[in-house]
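> Sequence plus predicted model, see below.
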Amino acid sequence: MEKTIRRIAINTGGGDAPGLNAVIRAAVLSAVHRGWEVLGIRRGYASLLDTSTIIQLDANAVRGITHTGGTILGTTNKGDPFEYPVTLPGQPTTLVDRSDEVVENFRRLKIDALIAIGGDGSMRIANRFAAKGIPIVGVPKTIDNDLTGTVATFGFDTAVMVATDAIDRLHSTAEAHERVMVVEVMGRYAGWIALNSGVAGTADVILIPEIPFSIDHVCDKITDREAHGRRFAIVVVAEGASPVGGKMVVKGEEIGREVLLGGIGEFVAKEIAHRTGKETRTVVLGHIQRGGRPTTFDRLLALRFGSAAVRLIEEGTFNHMVALDPPVVLAVPLEVATSRMKTVPLDSDTVLTARDLGVSFGDAAPK
């Protein structure tokens with residue numbers, strides 16, 4: 001006999017992404033239509049550690065939020081309950097396991113299921129809570145598009161649109177001043193944003209984590225353009241790209257989260273200027289790729305994901321993540337979704353297209 005659902009909860013974790021509010025709205029309205037109560041867990045799992053911060057979500061609470069950026073629930077990438085940062089007076093910050101508190105409060109509040117919206121880190125946390133007995137349905141969110149099991153994550157299309165628009169705008173100023181413009185985009189360990197925006201924005205060089213680059217090959221492309229009368233160039237660099245035999249450039253690291261990437265664009269720009277003598281500028285798009293209104297694609301995908309998550313709860317399909325497998329949205333086990341990172345296949349159609357168009361990836365072009 002299937003369990004009767006009366007109360008569910010929703011949380012958002014990790015970095016923000018355009019479309020989060022659309023998921024929340026779809027999930028809340030789908031649940032309310034079924035007569036369920038919906039609780040909003042603020043800042044990841046924080047409200048399940050301090051339950052006084054839990055909010056009620058109904059139709060009024062989610063009115064008019066589909067098109068807005070951010071998340072009405074707030075989010076954090078430092079709130080993993082399994083490694084929760086705690087700072088005591090006069091002592092350094094340490095990581096402690098508070099996951100049992102989350103489970104205890106979840107059960108005390110008589111929550112029947114949790115919709116966990118997040119990226120790879122959030123899905124790994126969700127999978128660990130599933131193993132502790134919390135009925136969970138995951139919703140994949142990340143501008144990086146690096147979650148396996150789903151063709152696309154919401155937020156990615158918006159990030160690519162923002163990056164492409166920036167590249168478009170840089171073409172005119174690069175050509176006017178005969179400069180090289182190096183554009184650093186997000187993506188961490190996967191090059192999806194750099195690849196897609198670079199190809200769409202007709203970049204001359206695209207550097208992604210999946211293909212270690214030689215700065216010599218990068219400069220060869222720029223000098224070749226110069227020899228053919230094209231005295232400017234656009235170089236798109238993923239924040240996780242690295243030179244052959246080198247390491248990713250990082251700003252540092254914070255306790256309770258991964259390293260802070262950034263700086264590869266400046267490194268590439270300095271090398272280009274030094275080796276070619278070309279005036280070179282760096283543009284770091286950073287968090288503007290995360291903010292603002294989601295595209296039509298991301299809104300629709302987010303709404304579909306939110307509604308699908310509620311349907312999975314209704315049918316008792318827990319410990320799964322909703323995923324896009326065009327033209328349908330289906331369920332993928334959390335274990336599968338977190339088994340590996342989805343990186344750019346080197347033989348993918350988009351990579352092959354870029355090479356056919358003459359784009360350099362900073363490697364020796366295949367014969």
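Received, thanks. Numbering: from 1, shown residues only.
> Going by C-alpha atoms from here, please, whenever you check contacts or count neighbours.
Will do.
> Output the below-cut-off pLDDT ranges for this protein.
Counting by pLDDT under 70, the chain contains low-confidence ranges at 1-2, 252-258, 366-367.
> List of residues touching the helix ranked longest in the chain?
Assignment by DSSP state H gives helix 156-177 as the longest helix of the chain. Helix 156-177 is contacted from outside by 18, 142-145, 180-181, 183, 185, 193-194, 196-198, 200-201, 203, 231-234, 285, 288-290, 293-295, 297-298, using Cα atoms under 8 Å, 6 or more residues apart in numbering.
> and that helix, which residues are buried?
Buried residues in helix 156-177, counting neighbours by 16 or more other Cα atoms under 10 Å, are found at 156-164, 166-168, 170-171, 174-175.
> What's the first helix or strand after it?
Next along the chain after helix 156-177, taking DSSP states H and E as the criterion, comes strand 180-185.
> Can you give me the buried ones in that following strand?
180-185.
> Equivalent analysis for stretch 105-119, please.
Quick answer for stretch 105-119 (16+ other Cα under 10 Å): 105-106, 111-119.
> Please give me every residue in contact with the closest residue to residue 241 other than its chain neighbours.
Counting by Cα to Cα, 6 or more residues apart in numbering, the nearest residue to residue 241 once its immediate chain neighbours are dropped is residue 209, at 4.0 Å. Shown in contact with residue 209 (Cα under 8 Å, 6+ apart): 189-191, 238, 240-242.
> hmm, which of these are the buried ones?
Buried members of the contacts of residue 209, counted by 16+ other Cα under 10 Å: 189-191, 238, 240-242.
> In TSV: the residues you listed, plus distance to residue 326 and secondary structure.
Shown next, in TSV, are the buried ones among the contacts of residue 209 (distance: Cα to Cα, whole Å; DSSP: H, G, I helix; E, B strand; the rest coil):
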residue	distance to residue 326	secondary structure
189	25	coil
190	22	coil
191	22	coil
238	27	strand
240	29	coil
241	30	coil
242	33	coil
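> now, which of those sits nearest residue 260?
residue 240 (10.1 Å; Cα to Cα).
> For residue 325, list the residues it contacts.
Residues in contact with residue 325 (Cα under 8 Å, 6+ apart) are 150-151.
> Got phi/psi on it?
phi -130, psi 80 (degrees, to the nearest 10).
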